[in-house]
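[1] Quick one: sequence and predicted model below, then my questions.
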Amino acid sequence: MAGCESTIMEAGMSAAADHAYDIIRRKILEGAFSAGQRLKESELSEICEVSRTPVREALRRLVADGLVIITPNSGAIVSEWDDRDIVDIYLVRIQLESLAAGLAAQRRTEAQLRQMDGLARNMSDLVSEGPGRDTEIEIAKLNNEFHHLIITAANSRALTAAAAQVVEAPLMLRTFRIYDADRLRRSASDHVELVAAIAAQDSDSAESLMRAHILSGLRMLREAQNG
């Protein structure tokens, strides 16, 4: 009986840690917890409505994700990325996501294709509405979801694991701030073309389009850094 109770308690603690992890991670990705911000266990415990033990476990997992760092003096802090970090991430993304697009053209499901098309259309509609802080954030979220969906549609566990650390919303939101209206329109148009190539099961075109799309973003980033 004691063994059963222990198992139940462990399961409950694991679920609480999962719950805390999901909440904290989402707040980091959405920018509610900003880069460099200290994360206090007591406050996180209240926000997540769990005890500190699952919060600590959630923070350990976020450290493994690269979203949080633990320092001896300050405790848990949301990770910060400098310009070189972001350039390096773009270089890795070019390799991984172009491969993902090529695989997705062959392995995607019809449901995934419809979802890609919907995301691409929604982004185009938002771009047409014109600039604005809320629009910028929403486009960045949709963009992140679109790129994640292509990785999912590639149906490769190895690729998914490799890409998990380099396709994250805080970085994409930061780089989206350098996009003017014309660049946003081009980015949205790229997504529409990608969906068409994936729908046609044209792996070569999908791979080339994704590579060019991310390279364009990298060029804009470097222009902003040098400007």
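    That came through fine.

[2] Where does the prediction get shaky in the chain?
    Per-residue confidence for the chain (pLDDT under 70) gives these ranges: 1-13, 131-133, 167-178, 225, 227.

[3] Return the set of buried residues in the helix or strand containing His213.
    Taking DSSP states H and E as the definition, one finds His213 inside helix 203-226. When neighbours are counted by 16 or more other Cβ atoms under 10 Å, the buried residues of helix 203-226 are found to be 203, 205-207, 209-211, 213-214, 217-218, 220-221. C-beta: built from backbone N, CA, C; applies to glycine.

[4] Which parts of the chain belong to which domain?
    Using automatic domain parsing, the domain parsing of the chain gives 2-78, 83-226.

[5] Give me whichever of those domains is most buried.
    Counting by mean count of other Cβ atoms under 10 Å, domain 83-226 has the highest mean neighbour count of the domains of the chain, with a mean of 17.

[6] so how far does that domain reach from one end to the other?
    11 Å (Cα to Cα, to the nearest Å).

[7] Stretch 60-71 too?
    12 Å.

[8] which residues are in contact with that stretch?
    For stretch 60-71, the external contacting residues (Cβ atoms under 8 Å, 6 or more residues apart in numbering) are 17, 21, 24-25, 28-29, 39, 59, 76-79, 164-165, 168, 170.

[9] before we move on, the earlier item: can you list the buried residues of helix 203-226 in TSV and add distance to Ala197?
    Converted to TSV, these look like this (distance: Cβ to Cβ, whole Å):
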residue	distance to Ala197
Ser203	8
Ser205	4
Ala206	4
Glu207	9
Leu209	6
Met210	9
Arg211	12
His213	11
Ile214	15
Gly217	18
Leu218	20
Met220	22
Leu221	24
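
[10] For Ala111, state which of these is nearest.
    Ala111 has its nearest neighbour among the buried residues of helix 203-226 in Ala206, at 17.9 Å by Cβ to Cβ.

[11] contacting residues for the closest one?
    Applying Cβ under 8 Å, 6+ apart, one finds that Ala206 lies in contact with Ala101, Gly102, Ala104, Ala105, Leu194, Ala197, Ile198.

[12] now Val192
    For Val192, the contact set (Cβ under 8 Å, 6+ apart) comprises Ala120, Arg121, Ser124.

[13] what do you get if the cut-off is 6 Å, keeping everything else the same?
    By Cβ atoms under 6 Å, 6 or more residues apart in numbering, the residues touching Val192 are Ala120.

[14] what helix or strand does it sit in?
    When secondary structure is defined using DSSP H and E, the element that contains Val192 is helix 181-199.

[15] mind exporting that helix as CSV, just the C-alpha atoms?
    Written as CSV, here are the backbone C-alpha positions of helix 181-199 (Å, rounded to 0.1, in the frame of the first residue of the first chain):
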residue,chain,number,x,y,z
ALA,A,181,6.6,46.6,-44.0
ASP,A,182,8.2,45.6,-47.3
ARG,A,183,10.3,42.9,-45.7
LEU,A,184,7.3,41.5,-43.8
ARG,A,185,5.4,41.3,-47.1
ARG,A,186,8.3,39.4,-48.7
SER,A,187,8.5,37.1,-45.7
ALA,A,188,4.8,36.3,-45.9
SER,A,189,5.1,35.7,-49.6
ASP,A,190,7.9,33.2,-48.9
HIS,A,191,5.6,31.3,-46.7
VAL,A,192,2.9,31.0,-49.3
GLU,A,193,5.5,29.8,-51.9
LEU,A,194,6.8,27.2,-49.4
VAL,A,195,3.3,25.9,-48.8
ALA,A,196,2.8,25.5,-52.6
ALA,A,197,6.1,23.6,-53.0
ILE,A,198,5.2,21.3,-50.0
ALA,A,199,1.7,20.8,-51.4
